[in-house]
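Chemist: Next input, structure requested:
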Amino acid sequence: MKNILNRLINHEVLDKEEAKQILVNISNGEYNQSQIAAFLTVYMMRSIKISELEGFRDALLELCVAVDLSEYNPIDLCGTGGDGKDTFNISTLSSFVTAGAGIKVTKHGNYGVSSKCGSSNVMEHLGIKFSNDKDFLRKSIDETGICVLHAPLFHPAMKNVAPIRRELAVKTFFNMLGPMVNPAFPTNQMVGVFNLELARMYGYLYQNGNKNFTILHALDGYDEISLTGKTKTITRHTEAMLAPEDFGIVAHAQSDIVGGDSVEASANIFMNILNGKGTQQQNNVVCANAGMAIATVEGLTPIEGFEKAKDSLLGGKGLEVLKKVQAIS
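Modeler: Numbering: from 1, shown residues only. Next up, the predicted model:
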């Protein structure tokens with residue numbers, strides 16, 4: 001590791017195979033915590049390169065506990081986090097609304113690291129069981145339309161990194177990797193990223209695969225459609241700017257979509273929205289993201305997806321999905 005750190009400090013770039021091997025070595029416990037922390041810190045000081053991101057991704061996918069749910073043609077709705085915005089759990093809510101609209105979802109998530117309340121925090125608080133048992137996951141997606149993939153259960157390679165990430169409590173390159181390493185290898189993905197540079201890198205890497213994807217970055221910094229301004233979108237075939245008007249609504253303020261200051265408060269917001277008691281702005285932002293996921297799978301326009309998502313949320317279908325998931329937990 002000393003040699004690697006010296007090279008990185010001298011602004012050298014790792015090739016794909018080197019990057020992959022380093023993550024394999026981390027998973028095998030070959031480096032101590034100080035070395036791993038220093039390695040993570042380098043990438044806070046300079047941008048990660050495509051060869052490095054690709055190598056890290058390939059290592060985690062190779063080492064993960066894979067689960068084959070391809071027959072369901074599922075989608076994952078996932079953000080990198082790390083945007084510093086502390087919104088409520090938009091992508092998780094959107095996942096339940098998407099499932100309520102009849103699209104199968106394999107929701108990959110984790111506890112919050114750089115945010116107050118991650119996807120797994122709120123779902124655990126609501127009594128949802130985390131499991132990597134393939135029969136249970138199949139039963140979940142069969143009966144409810146969604147299965148929850150809690151990252152630590154599928155990425156044993158991360159056990160040496162998780163405590164360091166928690167202690168650092170800032171975004172690291174593992175934020176960038178999270179959406180790329182869903183252990184169900186979903187064919188469809190809607191992924192939000194925290195800056196435009198990363199959106200381009202994702203676009204490049206996903207173009208070389210077989211995913212049907214939509215990458216999102218709100219120009220005012222959000223890793224999702226925030227409806228506070230325009231959002232850059234990248235798909236396999238197009239790049240575009242998405243405005244609130246494309247969903248038939250007007251822009252709103254950033255203060256309209258802030259989250260709770262604790263897991264309990266975040267869970268209360270989550271349940272209020274699913275119960276149809278959310279503000280119009282909260283409902284709109286959930287339906288815009290769920291609508292884009294639906295549009296990604298079904299080949300619809302954003303506003304067509306948005307209308308389907310509204311029907312799912314306001315018709316109580318997303319809530320029904322959650323209740324079913326709680327019941328089988």
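Chemist: so what's the residue located most distally from the centre of the chain scoring on pLDDT?
Modeler: Of all residues in the chain, N3 has its C-alpha farthest from the mean position, at 33.1 Å, by CA atoms, centre = their mean. Note on N3: pLDDT of 95.
Chemist: The helix or strand encompassing A240 pairs with which strands, parallel or anti?
Modeler: For A240, the element it lies in under DSSP states H and E is strand 239-242. Next to strand 239-242 in the sheet, as set by DSSP bridges, lie strand 231-235 (antiparallel).
Chemist: Report the rounded mean pLDDT for the partner strand.
Modeler: Taken as a whole, strand 231-235 has an average pLDDT of 97.
Chemist: how about that strand: buried residues?
Modeler: Residues of strand 231-235 classed as buried: 231-235 (neighbour count, 16 or more other CB atoms under 10 Å). The C-beta positions use only the backbone N, C-alpha and C, and glycine is treated the same way.
Chemist: Any chance of CSV for the residues you listed, columns distance to K317?
Modeler: Output for the buried residues of strand 231-235, formatted as CSV (distance: CB to CB, whole Å):
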residue, distance to K317
T231, 25
K232, 30
T233, 25
I234, 29
T235, 26
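Chemist: thinking again about what came up before, how would you label the residue farthest from the centre of the chain: helix, strand or coil?
Modeler: helix (DSSP: H, G, I helix; E, B strand; the rest coil).
Chemist: burial of G276, as a residue count?
Modeler: G276 has 13 neighbouring residues, counting by other CB atoms under 10 Å.
Chemist: Also the one 3 residues further on?
Modeler: One way to gauge burial is a neighbour count; for T279, by other CB under 10 Å, it gives 14.
Chemist: Once you drop chain neighbours, what's closest to it?
Modeler: D256 (6.7 Å; CB to CB, 6 or more residues apart in numbering).
Chemist: for the one you found, helix, strand, or coil?
Modeler: Secondary structure, three-state DSSP: D256 is helix.
Chemist: can you count the residues close to it?
Modeler: 17.
Chemist: the strands in this protein, which residues?
Modeler: For the chain, applying DSSP state E gives strands covering 75-79, 105-109, 146-150, 188-192, 212-218, 231-235, 239-242.
Chemist: what does the longest one contact?
Modeler: Residues lying outside strand 212-218 but in contact with it, judged by CB atoms under 8 Å, 6 or more residues apart in numbering, are 187-196, 198-199, 202-203, 206, 223-226, 228-236, 292-293, 295-297.
Chemist: Please write out the alpha-carbon positions of that strand in CSV.
Modeler: The C-alpha trace of strand 212-218 is given here as CSV (Å, rounded to 0.1, in the frame of the first residue of the first chain):
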residue,chain,number,x,y,z
ASN,A,212,-31.3,0.3,-20.0
PHE,A,213,-30.5,3.4,-17.9
THR,A,214,-31.3,7.0,-17.0
ILE,A,215,-28.6,9.0,-15.2
LEU,A,216,-29.8,12.1,-13.4
HIS,A,217,-28.1,15.2,-12.0
ALA,A,218,-30.0,18.3,-10.9
